[in-house]
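Student: Sequence first, predicted coordinates after that:
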Amino acid sequence: MYALAVCAEMVFCDLPIEERARRLHEAGFQVEIWDWTKHDLDALARTPADIVSMTGYVSGSLTDEDGAAELLRTAEESLQAAEHLGCTRLNLHGTGLDGQGLPVLPVPGEPTGAMWLAAQRTLTRIAELGENAGVTFTLENLNTAVDHPGVPFAKAADTMTLVAAVNRPGLRMNLDLYHAQIGEGNLIELVRRAHGAGLIGEIQVADVPGRCEPGTGEINYPAVARTLADIGYEGTVAMEAWASGDSEAALERFRAAFAL
């Protein structure tokens, strides 16, 4: 059976991050965070929380030489932070994002063939770093219509193609179904295809529209949960969603959506 995790950045937002992590642990959830440089790692390490994912770089990009060098440098820093927290998954995007989720280096239109090849080379080096450290890097699909315009390799089909091309255990997909619903839809078939190819490192969820907890929008998450059980998915399903109201209620709606 899959495990349930919650992004601590998006619930209990009036509390310090370490208190959020503690509350999520007490509620029975694994914990995820974003940019580790913004947090007191010592305070987080003192909590009993099982921190399973965080952002795996500070800056950089996949497709240009300078950006790739910066991505690799800050990925190595992220590995040290992950070791401090006992975190075994580090998340990547097609390029660095600013505080509003916008790409630091937006790509107008579709990535070129040269960009695809450069991204494959960079991700191969990232995967090697992860394998040497016993950590999995995950490449997350995003949406460009609402939250992240201009991010290259944003579609789930793109991340799937890159992860398959690298073909290393140190790199997997972070299959975000909120982003995929906006960008592509057909979620159950997408989950089946990615799982069948052995490409999923974790699954993230939020509802559409609004990016709040399951049960607040159009996605039939109980049907997704049944599919995950049918295919034998044993990884993590993480709620990366804003609480539509009370955080405790949002956690219970998430739990109910994935209870079988």
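Tutor: Nice, I can see it. Numbers count the residues shown, from 1 in each chain.
Student: For Pro48, grab the count of nearby residues.
Tutor: Residues lying near Pro48 (other Cβ atoms under 10 Å) number 8. For glycine as for every other residue, the C-beta is placed from the backbone atoms N, C-alpha and C.
Student: and what of Ala68?
Tutor: With other Cβ under 10 Å as criterion, Ala68 counts 20.
Student: Tell me which helix or strand the nearest residue in space to it that is not next to it in sequence sits in.
Tutor: Counting by Cβ to Cβ, 6 or more residues apart in numbering, Ala68 lies nearest to Thr122, which is 4.3 Å off, once chain neighbours are set aside. Per DSSP states H and E, Thr122 falls inside helix 113-133.
Student: before we move on, what about Val52?
Tutor: Using DSSP H and E, Val52 falls in strand 51-55.
Student: what does that strand rub up against?
Tutor: Strand 51-55 has contacts (Cβ atoms under 8 Å, 6 or more residues apart in numbering) with 5, 21, 30-36, 44, 78, 81-82, 85-91, 138, 174, 202, 236, 238.
Student: Please produce a PyMOL select command covering the buried subset of those residues.
Tutor: Restricted to buried positions by 16 or more other Cβ atoms under 10 Å, the PyMOL selection for those reads:
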select buried, resi 5+21+30+31+32+33+34+36+44+78+81+82+85+87+88+89+90+91+138+174+202+236+238
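Student: Pull up the pairing partners for the strand holding Val52, direction included.
Tutor: strand 30-32 (parallel), strand 89-92 (parallel) (DSSP bridges).
Student: which outside residues touch the longest one?
Tutor: This points to strand 89-92. 52-57, 75, 78-79, 82, 123, 126, 130, 135-140, 174, 201-202, 236.
Student: mean confidence score for it?
Tutor: Mean pLDDT, strand 89-92: 98.
Student: List the buried residues of stretch 61-75.
Tutor: 61-64, 67-68, 70-72, 74-75.
Student: Narrow those residues to those in helices?
Tutor: Under the assignment DSSP state H, those contribute 67-68, 70-72, 74-75 to helices.
Student: what's the most distant pair in those?
Tutor: Gly67 and Ala75 (12.1 Å; Cβ to Cβ).
Student: Spit out the residues that contact those two alike.
Tutor: Common neighbours of Gly67 and Ala75 (Cβ under 8 Å, 6+ apart) are Gly60.
Student: all strands of the chain, in order?
Tutor: Counting by DSSP state E, the chain has strands at residues 3-7, 30-32, 51-55, 89-92, 136-140, 171-176, 200-205, 236-239.
Student: For the fifth one, which helices and strands make contact with it?
Tutor: Applying 3 or more Cβ pairs under 8 Å, 6 or more residues apart in numbering; DSSP states H and E, one finds that strand 136-140 contacts strand 89-92, helix 113-133, helix 156-166, strand 171-176, strand 200-205.
Student: closest to Leu260 out of those?
Tutor: Using Cβ to Cβ, the helices and strands packed on strand 136-140 put strand 200-205 closest to Leu260, at 15.0 Å.
Student: and the closest one, which strands flank it?
Tutor: strand 171-176 (parallel), strand 236-239 (parallel).
Student: Let's have those strands in TSV, adding mean pLDDT and distance to Phe254.
Tutor: TSV is the format used below for these (pLDDT from 0 to 100; distance: least, Cβ to Cβ, whole Å):
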stretch	mean pLDDT	distance to Phe254
strand 171-176	98	15
strand 236-239	98	5
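Student: do you know which of the ones you listed lies nearest Ala165?
Tutor: Here strand 171-176 is closest among the strands paired with strand 200-205 (Cβ to Cβ), at 9.8 Å.
Student: Give me the residues contacting that closest one.
Tutor: Contacts of strand 171-176 (Cβ under 8 Å, 6+ apart): 53, 89, 91, 123-124, 126-127, 130, 136-142, 156, 159-160, 163, 190-191, 194, 199-205, 240.
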